[in-house]
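Colleague: just coords:
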C-alpha cells in the first residue's frame with residue numbers, strides 16, 4: 001500500500017503534477033522509495049502523471065530501461081491524452097447512468113475532448129496521442145447522443161448539435177482522424193462482423209453530412 005506522498009506515485013498524487021525521474025539507478029532510496037526494485041529491473045526512467053487535475057484519483061506511470069531525458073512536450077501530450085480520455089469516460093458514465101444530463105454541455109465537452117481543447121483545430125501535424133481518443137468515442141458509444149440529437153424532430157436539439165457537427169466536419173477536413181478505411185482496418189480485429197463497423201461509421205458520417213450540406 002502506497003501512502004500519499006510516498007514514492008513516485010504518492011508524490012505525483014499529493015503534488016497533483018507530473019514527476020519525471022531519470023538515471024534512477026543513481027538515486028538513493030531516500031529520494032526514490034522503489035530505487036532498489038528499479039535497479040533490479042534495470043529501470044532508468046520513470047514518469048508519473050495524475051489523471052485528474054485538481055482532484056487526482058489515479059496516477060499513470062510509464063517506465064523505461066533507457067535513460068531518457070525529460071521532454072516537456074511528451075509530458076504535455078500525455079497530460080492532454082489523460083485529460084481527454086478522463087472527460088470521455090465521465091461522459092460515458094453520464095450516458096449510461098440513465099439520469100438526465102444537459103445535452104448542450106455534453107456536446108461541448110465531447111467536442112473539447114475530440115479536439116484536445118481546440119488544439120487539433122490549429123495544429124498542422126497532430127500526434128497519434130492527441131487524436132487517439134476517437135477510439136474511446138466509438139468504444140463507449142458516445143456518438144449515440146449526437147445521432148439522437150441530429151435525427152430529432154426538435155429544432156432545439158438541432159441548434160444544440162449543429163456546432164458540434166461543424167467542428168467534427170472541420171476536423172475531418174484537416175485529416176485529424178485519418179482516412180475512414182484506416183478506422184475499418186484497425187477495428188475489424190475488435191468487432192465480430194464487418195457490418196458492425198460499416199454501420200457505425202456510416203451512421204456518424206451520414207448524420208453530420210446532412211448538416212454540412214445545409
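Modeller: Cool, got the structure. What you see is a predicted model; the values in this text were computed from it and never measured.

Colleague: break the chain into its domains for me.
Modeller: What the record gives for the chain is the domain set 7-70, 74-213, from automatic domain parsing.

Colleague: mean confidence for the last one?
Modeller: Think domain 74-213. Per-region confidence: domain 74-213 scores 75 on mean pLDDT.

Colleague: the first one now?
Modeller: For domain 7-70, mean pLDDT is 83.

Colleague: coming back round to it: how about the domains of the chain in JSON lines, adding mean neighbour count?
Modeller: For every residue, glycine as well, the C-beta is placed using N, CA and C. Formatted as JSON lines, those follow (neighbours: other C-beta atoms under 10 Å):
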{"stretch": "domain 7-70", "mean neighbour count": "15"}
{"stretch": "domain 74-213", "mean neighbour count": "16"}
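
Colleague: ok now the host helix or strand of residue 13, how far from the chain's centre?
Modeller: Following DSSP states H and E, one finds residue 13 within helix 7-15. Computed by C-alpha atoms, centre = their mean, to the nearest Å, the chain-centroid distance of helix 7-15 equals 22 Å.

Colleague: give me the sheet partners of the next helix or strand after it and which way each runs.
Modeller: Where DSSP H and E defines the elements, the next helix or strand beyond helix 7-15 is strand 19-21. Sheet partners assigned to strand 19-21 using DSSP bridges are listed as strand 45-50 (antiparallel).

Colleague: can you give the contact residues for the partner strand?
Modeller: 8-9, 11-13, 16-22, 24, 38, 56, 58-64, 66-68, 75, 78-79, 82 (C-beta atoms under 8 Å, 6 or more residues apart in numbering).
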